[in-house]
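In: Just need the structure, nothing else, for what follows:
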Amino acid sequence: ESTWKQYAAWYALFIEWGLIMGVDVEDCEMTLEVLSRVLIRSLVMMWYGGGYAASTMEIYTTAVVTRVRDRGLGNLRENVAVGKLMEGIKRKLGCAVTKKLPVEGHHVKALMEMGPPEHDGEAWTGNKANIELQWAHAVAMVVLAWAAFLRCSEIINLQVCDLTWIKERLELCIRKAKADQLGLTAVTEIEYAQKGSEKCLLTYFEAYLKKVLGGVVIEAG
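Out: I've put the predicted structure just below:
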């Protein structure tokens, strides 16, 4: 099921590439030749401009090929140019997968101690108070994610009502997790650091909520 969802997402990207090129790839009268051209051009753009890995572009290609074949339009893999392009990309980029470096404790600590950036007119805009709020929000989300072992997608789906303070801990309701294929949701907890600790992640996050919301409600546990 997860594989087909992934294929659907990549095919949606193919549709977007088609629209950019002025081609409706979903047209019932679409030809295999035109689809091949859209696929080839999109792969070239993903290679030169997108910085995609060879393995990622292979998944994208497989998703498009599978959908086109299921529509009864033929096999895009039979196009020599598609095969040669993918072969060249793999030879040029290599097939090794480079994992992203992890965020470590000293990174989080450094962010907590840093002040807000200067106004740059792009990412950080507005007056000083606005930039400070932007920075506080960004760091607070990193702190929460680090403390609760959350993925980016799980942070994005969080709502204020998913946060429950119960005495000396915070309970987080994770509505949608990558490993939760059935959508059953999960609950994870964050506790305050012991007295005398140099840093307390939950105290930092609580201070952020008090700043933007005015306070938190602690339920009896």
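In: Could you report the pLDDT at the residue lying farthest from the centre of the chain?
Out: In the chain, counting by Cα atoms, centre = their mean, residue 196 sits farthest out from the average C-alpha position, at 35.9 Å. We have a pLDDT of 83 for residue 196.
In: what do you get for the one 3 residues further on?
Out: The confidence metric pLDDT takes the value 87 at residue 199.
In: Listing partners with orientation, what would you give for the helix or strand of the chain with the lowest mean pLDDT?
Out: None of the helices or strands of the chain scores lower by mean pLDDT, DSSP states H and E than strand 218-219, at a mean of 72. Paired strands of strand 218-219, with direction, are strand 163-166 (parallel) (DSSP bridges).
In: At which residues are the helices of this structure located?
Out: 2-20, 32-45, 54-70, 80-93, 105-113, 128-148, 152-156, 201-213 (DSSP state H).
In: Tabulate those helices (JSON lines), appending mean neighbour count and distance to residue 219.
Out: The way it works is simple: take the backbone N, C-alpha and C, and place the C-beta from them, glycine included. JSON lines is the format used below for the helices of the chain (neighbours: other Cβ atoms under 10 Å; distance: least, Cβ to Cβ, whole Å):
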{"stretch": "helix 2-20", "mean neighbour count": "14", "distance to residue 219": "35"}
{"stretch": "helix 32-45", "mean neighbour count": "18", "distance to residue 219": "51"}
{"stretch": "helix 54-70", "mean neighbour count": "18", "distance to residue 219": "44"}
{"stretch": "helix 80-93", "mean neighbour count": "14", "distance to residue 219": "52"}
{"stretch": "helix 105-113", "mean neighbour count": "13", "distance to residue 219": "27"}
{"stretch": "helix 128-148", "mean neighbour count": "17", "distance to residue 219": "18"}
{"stretch": "helix 152-156", "mean neighbour count": "13", "distance to residue 219": "22"}
{"stretch": "helix 201-213", "mean neighbour count": "16", "distance to residue 219": "14"}
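In: Any idea which of those gets closest to residue 163?
Out: helix 201-213 (7.8 Å; Cβ to Cβ).
In: Give me the helices and strands touching the closest one, please.
Out: helix 128-148, strand 169-174, strand 186-191 (3 or more Cβ pairs under 8 Å, 6 or more residues apart in numbering; DSSP states H and E).
In: Let me know the angle separating it from strand 169-174.
Out: Here helix 201-213 runs at an angle of 70 degrees relative to strand 169-174 (axes from the mean of the first three to the mean of the last three Cα atoms, to 10 degrees).
In: Give me the contact list for helix 201-213.
Out: For helix 201-213, the surrounding residues in contact (Cβ atoms under 8 Å, 6 or more residues apart in numbering) are 108, 112, 133, 136-137, 139-140, 143-144, 146-147, 160, 163, 169-170, 190-193, 215-216.
In: What about residue 30, how many residues nearby?
Out: Residue 30 has 17 neighbours, counted by other Cβ atoms under 10 Å.
In: Great, nothing more from me.
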